[in-house]
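> Kindly generate the corresponding structure for this input.
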Amino acid sequence: MTNIKTKYLNLCLILILLQQGIILTNEYKADVFIDLNHDYVPVSPMVHGAFIETVHDFVSGNLGFAAQELRNRGFDMNYYEFGVSRFWWRYIESKEADYYLNRNDMYNKNGVYSQAISNSNEGVNVGIFQDTYFSDAGSKFYIYMKSDSRIEVNFMIKSLIKADSIIFTSPLGITENEWKKFEVEIPAGMNIYKSRLVVFFSDKGTLLIDEASLLPNDHVNQVRREYFDLYSLWRPGIIRYPGGTVADEEAARWFFGIGDIDQRQSPNLYTGEEQRWEVGVNEFVDFCKTIGAEPQFVTNMLLGSPKESADLVEYLNSDTSTYWGKKRAEDGNPEPYGAKYFEIGNEQWHSAYFNASQFRNHAKEMIKVDPNIHLIFGGNLWDYSNFFNISVDIAGDYFSSYGWHYLHFVDTLNLPDIEVYKAIVAGYQGHQMFINMFRDWRSAKNREDMKLSLTEIWTAYYGINWFFTERLKSFESGLWTADHALQTLENYDIIDIVNHTSNSGFFERGYDKNGKRQILGSPSFYALAMISRHSGKYYHKSFAKSPVFNAEHPNLPWAEYNVPWLRVVVSSDEDSLYLAVINKHPDEDCIFNHNLGIVSGKKVMHYELHTNHFKDRNLIDSDEPILPKNYEIDVSNEFKVKRNSINIFVIPKVVISDVILQDFSLKVYPNPAYDKLFLQNVPDSAISIGIYDLLGNRIREITNISRRDFDISLNGLASGFYILRMNLPLEKVTRTFLKY
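Prediction:
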């Protein structure tokens, strides 16, 4: 009876804790060892980069990067309905009105059509409409019009919910036989959101319409404010745009994206999607400059000529004495931009000979204009060394770094959730295999100076809508993204640029229950923002000894074994040490010890991104979004991190004892070591040198130090981590090493 009562009370206690949001979890232990002896080679700030891909509505449309709310605003797409340009519809009360596209008379001299409406029934309203979005910040609408007689034109916003309900109306003005711009201001705070925009008239005559625009008042030089704020929070070091296969399409000719925004080549169509250059060359450079990123351009290899690529460099970087430099000044930017980073073509992998030859031809002309630019070659990792060797032989003298695109596929249809999860969070190890291959390739070609640029990197879920699946927005995908961000720090000596594909799961986009637009960061976005804002300039070797797991299944591209649940990468700057820690365990928190010797009673900052389940995501209207949190915590020689969490501990160097963080001449190598450990530049003042295990037990000690260079035998020591401690009169110097 007593046992039954006890079990009942325990069950009640658990239910109470769950109701209060207190979830009991298991814990595992781990040890973290940080080696602060290094050569202080700086990590490239460009490893925290972004790629804004021009695909579907990620640039254009009401949820896109570009702030323009209207689709096909130049009326240049062909008939969609009864003589009306695509995405526009007839607003008509009389069947006698005639709608057609005019090829001969347009405001935009580089356009294809203007929209014509001919009304023969005076007193009856005719016009066009588009269902679109109106921002709380207020909007400015304008449109260019002309007519064969005086026509009074009006503007109206109608409700999409209540039939015939007019929300806002305003006269646009009276048109005549010349093109003229007509404008109207839509006030802020109207809470109208998705509504119908109508341009109409009732006079008799023919009206021509071209280049309509609806921009929210809070846009930042054609960039939507929501994205501007998110990218400002992220602070990527470099941004690639445009990119994807659009880079080699007619839509991406760079000169379509300069000049008067209402006189640009239109439409620029890409695989059936409307992608006009509203955010063109100058708007993109301005965006990058404002948020502190380097612009990275992709030139058109397939359709463009070497001269076309060189002309882009001239437009961006030459003074006004040149043809294109003068054009840039006419566009409002007299000073050269000094753009540095360029790719030539995108994924031209069908032939290494073609790709390398074309690259060489374009590169020759581009460096004639500016020899200081950084040229990224579009390489291929899947063809192993063959593609690389041919490319280097043909064009190796012209590219500054070798680029590739890394995509991690996991089959979601034939794996249970937990196995998909393991395959995702173990994926960085497979990528490290390719990075190591690249090291071997460049060494075989005597090109150790060549860097690796990851110009697209993302994960995908094979077997479903892999580019757009909602699981890309989950915390699981955020862990994958964080893993690869830390991997680039670990490979600081070889990776110079990383462009994370931000359209692939970085943003939650939609409308809340009131119809208001919401563009939120996903866990992947916040993981990168946290790492970008809280990483140091220098990388330090570290080792995490934790429980491991295996990711193996017949439907995986390859199996991964002995993957640690705890991932630790360490960097520093002049003032602080940054411990980036990922706990991938789905059910257990982790308490880990470290060897830093932090002074007791001091505090450090702990930045944390955490959720209870790896499939959680930031849903629109979510009451508890997954956001970074920060705490000032008391420190000791151990830290605790939650399950499913990404963490950064920012430790001021002044609170670290027993470890000399500044550059010190003592060299301890190799690390890992086998039978001997070599010491070089031992100070004359050294009193003793000891080797200790991780529990602090002294294994060996040398007290009679007579030479500055000598070796220590490691025979008899078991494999594992050890600490070498050298005692000086006023301080101690500590090095951690691994004995194989």
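
> Now find how far off-centre stretch 517-526 is within its chain.
The chain centroid and the centroid of stretch 517-526 are separated by 12 Å, computed with C-alpha atoms, centre = their mean, to the nearest Å.

> Provide the secondary structure category for Ser591.
Careful, residue 591 is Ile; it's not Ser. The local conformation at Ile591, judged by DSSP: H, G, I helix; E, B strand; the rest coil, is strand.

> what sits against it?
By C-beta atoms under 8 Å, 6 or more residues apart in numbering, Ile591 lies in contact with 27-30, 638-640. In this view, the C-beta of every residue, glycine as well, is placed from N, C-alpha and C.

> Which members of these are positioned in strands?
With strands taken from DSSP state E, the overlap with the contacts of Ile591 comprises 27-30, 638-640.

> For Ala116, what are phi and psi?
Dihedral angles of Ala116 (phi, psi; degrees, to the nearest 10) stand at phi -110, psi 140.

> So what's the residue count around it?
For Ala116, the tally of surrounding residues (other C-beta atoms under 10 Å) stands at 18.

> The residue nearest to it when sequence neighbours are not counted: neighbouring residues, count only.
Nearest non-adjacent residue to Ala116, counting by C-beta to C-beta, 6 or more residues apart in numbering: Asn102, 4.6 Å away. By the criterion of other C-beta under 10 Å, Asn102 has 15 neighbours.

> Quick check, Asn102 in contact with Val112.
No - between Asn102 and Val112 there is no contact under C-beta atoms under 8 Å: 10.1 Å.

> circling back: weed out the non-buried ones from the ones in strands among the contacts of Ile591.
28, 30, 639 (16 or more other C-beta atoms under 10 Å).

> check contacts around Val655.
Contacts were defined as C-beta under 8 Å, 6+ apart; by that measure Val655 touches 598-599, 602, 604, 635.

> could you show me where the helices are in this structure, in order?
Taking DSSP state H, the helices of the chain run over residues 2-19, 225-234, 281-291, 306-317, 323-330, 352-369, 384-395, 417-425, 427-444, 475-490, 523-533.

> Can I get those in a markdown table including distance to Phe506 and mean neighbour count?
Conversion of these to a markdown table gives the following (distance: least, C-beta to C-beta, whole Å; neighbours: other C-beta atoms under 10 Å):
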| stretch | distance to Phe506 | mean neighbour count |
| --- | --- | --- |
| helix 2-19 | 33 | 10 |
| helix 225-234 | 9 | 19 |
| helix 281-291 | 15 | 20 |
| helix 306-317 | 27 | 22 |
| helix 323-330 | 31 | 17 |
| helix 352-369 | 29 | 19 |
| helix 384-395 | 29 | 18 |
| helix 417-425 | 16 | 21 |
| helix 427-444 | 17 | 16 |
| helix 475-490 | 8 | 26 |
| helix 523-533 | 4 | 25 |
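
> Just checking, which of the ones in strands among the contacts of Ile591 comes out lowest on pLDDT?
Between the ones in strands among the contacts of Ile591, the one the model trusts least by pLDDT is Glu638, at 87.

> Nearest residue to it in space, ignoring adjacent ones along the chain?
Spatial nearest neighbour of Glu638, excluding adjacent residues (C-beta to C-beta, 6+ apart): Asn593 at 4.9 Å.

> re the thing from before, just the pLDDT for the residue nearest to Ala116.
If you check Asn102, the pLDDT there is 95.

> OK, contacts around it?
Contact analysis of Asn102 by C-beta under 8 Å, 6+ apart lists 113-116, 208.

> if we go to 10 Å?
75, 113-116, 206, 208-210 (C-beta atoms under 10 Å, 6 or more residues apart in numbering).

> now Asn372
317, 338, 340.

> nearest to Ile167, of those residues?
Each of these was checked against Ile167 using C-beta to C-beta; the closest is Gly338, at 47.2 Å.

> May I ask you to confirm that the closest one is in contact with Arg328?
No - using C-beta atoms under 10 Å, Gly338 makes no contact with Arg328, being 12.0 Å away.

> joint contacts of those two?
285, 316-317.

> Format those as JSON lines; extra columns: pLDDT.
As requested, those are exported to JSON lines (pLDDT from 0 to 100):
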{"residue": "Val285", "pLDDT": "98"}
{"residue": "Leu316", "pLDDT": "98"}
{"residue": "Asn317", "pLDDT": "98"}
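
> any idea which of those is closest to His408?
Nearest to His408 out of the shared contacts of Gly338 and Arg328 is Val285 (C-beta to C-beta; 31.7 Å).

> Verify the stated contact: that closest one with Gly332.
No - look at Val285 against Gly332 with C-beta under 10 Å: they stay out of range, at 11.6 Å.

> So which bits of stretch 710-719 are buried?
712, 714, 717.

> got any ranges where the stretch 51-200 of the chain has weak pLDDT?
Residue ranges of the stretch 51-200 of the chain with pLDDT under 70: 80, 94.

> run the last query once more with 80
Applying pLDDT under 80 to the stretch 51-200 of the chain flags the ranges 55-56, 79-81, 93-96, 163-164.

> Would you map the strands across it?
Along the stretch 51-200 of the chain, the segments classed as strands by DSSP state E, counting those that start in this stretch run 79-81, 84-85, 89-92, 98-102, 114-119, 126-134, 139-147, 151-159, 166-175, 180-186, 193-201.

> just the stretch 601-740 of the chain next, same as before
With DSSP E, counting those that start in this stretch, the ranges of strands along the stretch 601-740 of the chain come out as 603-610, 629-634, 638-641, 645-652, 667-669, 676-680, 688-692, 698-702, 710-713, 720-727, 732-739.

> closest to Lys537 out of those?
Lys537 sits nearest to strand 645-652 of all those, at 13.9 Å, using C-beta to C-beta.

> Packing partners of the closest one?
Secondary-structure packing of strand 645-652 (3 or more C-beta pairs under 10 Å, 6 or more residues apart in numbering; DSSP states H and E): helix 475-490, helix 523-533, strand 566-572, strand 576-583, strand 588-594, strand 603-610, strand 629-634, strand 638-641.

> Could you report the neighbour count for Gln348?
Gln348 has 20 neighbours, counted by other C-beta under 10 Å.

> Find me whatever residue is spatially closest to it, sequence neighbours aside.
Gln348's closest residue in space is Asn355 (C-beta to C-beta, 6+ apart), at 4.4 Å.

> which ones are touching the one you found?
Asn355 makes contact with 301, 344-345, 347-349, 377-380, 387, 390-391, 394-395, according to C-beta under 10 Å, 6+ apart.

> how about the helices of the chain in JSON lines, adding distance to His48?
Converted to JSON lines, the helices of the chain look like this (distance: least, C-beta to C-beta, whole Å):
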{"stretch": "helix 2-19", "distance to His48": "39"}
{"stretch": "helix 225-234", "distance to His48": "8"}
{"stretch": "helix 281-291", "distance to His48": "12"}
{"stretch": "helix 306-317", "distance to His48": "23"}
{"stretch": "helix 323-330", "distance to His48": "28"}
{"stretch": "helix 352-369", "distance to His48": "26"}
{"stretch": "helix 384-395", "distance to His48": "26"}
{"stretch": "helix 417-425", "distance to His48": "21"}
{"stretch": "helix 427-444", "distance to His48": "16"}
{"stretch": "helix 475-490", "distance to His48": "7"}
{"stretch": "helix 523-533", "distance to His48": "4"}
